[in-house]
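J.: here is my input; please provide its structure:
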Amino acid sequence: MSHETIRQLIVEAEVVGHRKMEKKGRVFFIEADGLYVKRQRSRMKGKEEKIVTIHQGWEKNGKRVSLVNRRYYVHQTNEPIWEAVESFLVKEYGYDPLEDWVVINGDGAPWITACREYFGDRGYFQLDRFHVAREIRQLFRGHARYRVIRKKLASWDEEGVLRELTSAIGTLEHEEKEKQLEALVRRIEEIPGCLRDYRVWLKEKGIDTTNMRAMGSAEGTMHVFAKRSKNGRSWRD
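T.: You can find the predicted model right below:
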């Protein structure tokens, strides 16, 4: 059978929708991030793709840990991002906006933090700890306060992190770093609870948090998508 015959058979084949996920529990975990992709034949040189990973927890397979009920959503419509994500949750998982809970992890991009207003009391937003730790490392590596700040972040002590960051303003000796530090402090202050442990919030709702882990798979997801879409490539929509 020739390659062309195989291609024609694939083109003519009926597309069958994939199966819906069997909902497991009342908590949905969402990792959101943006990926800049170059464009061909467009007035824009590139465009940020809004990519969301959704899962329902973690399970151990020997020494490895995998995500339960993992699915990806890439935003390609004109409707608001979180309205589209919620529709995806309803369609793919049978999500109930009155009964289920959502935990969102991401950086401080406005389109991501808009989830707080959309989901309201049913959602909890965390700043991605990988991004926060990386920014702190860039600002404070070699600084006398670096070790203390890292310990506060690792222990989910948001107030302690803010206290250390605020008291360090004026000690970095580089104007650009000072501006970056002030912006980081503002970002944390504007999102109360963003560096605390989401599991405490879930426990207050009566949710069993056994086997729940710290979030942070977004960076790995972006690494995979970047390898497939970057490396000198540019794309048509």
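J.: give the contact list for the residue nearest to residue 236 when sequence neighbours are not counted.
T.: Closest residue in space to residue 236, ignoring its immediate chain neighbours: residue 40 at 5.0 Å, by C-beta to C-beta, 6 or more residues apart in numbering. Where C-beta positions appear, they are placed from N, C-alpha and C, glycine not excepted. Under the criterion of C-beta atoms under 8 Å, 6 or more residues apart in numbering, the neighbours of residue 40 are 234, 235, 236.
J.: this structure: strands as residue ranges?
T.: Ranges of strands in the chain, per DSSP state E, are 27-38, 46-55, 58-61, 64-67, 71-74, 101-106, 123-127.
J.: hmm, back to that, and the residue nearest to residue 236, what pLDDT?
T.: For residue 40, the pLDDT comes out at 87.
J.: swap in the one 10 residues further on?
T.: At residue 50 the predicted local confidence, pLDDT, stands at 95.
J.: residue contacts, it?
T.: Here residue 50 is in contact with 32, 34, 74, 75, 81, 111 (C-beta under 8 Å, 6+ apart).
J.: got the domain ranges for the chain?
T.: 25-128+215-237, 129-196 (automatic domain parsing).
J.: let's have those in CSV, adding distance to residue 15.
T.: Shown next, in CSV, are these (distance: least, C-beta to C-beta, whole Å):
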stretch, distance to residue 15
domain 25-128+215-237, 16
domain 129-196, 36
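J.: those: which one's closest to residue 11?
T.: Evaluated with C-beta to C-beta, the domains of the chain place domain 25-128+215-237 nearest to residue 11, the distance being 18.6 Å.
J.: any idea how far apart the tips of that closest one sit?
T.: Terminal residues of domain 25-128+215-237 lie 37 Å apart, using C-alpha to C-alpha, to the nearest Å.
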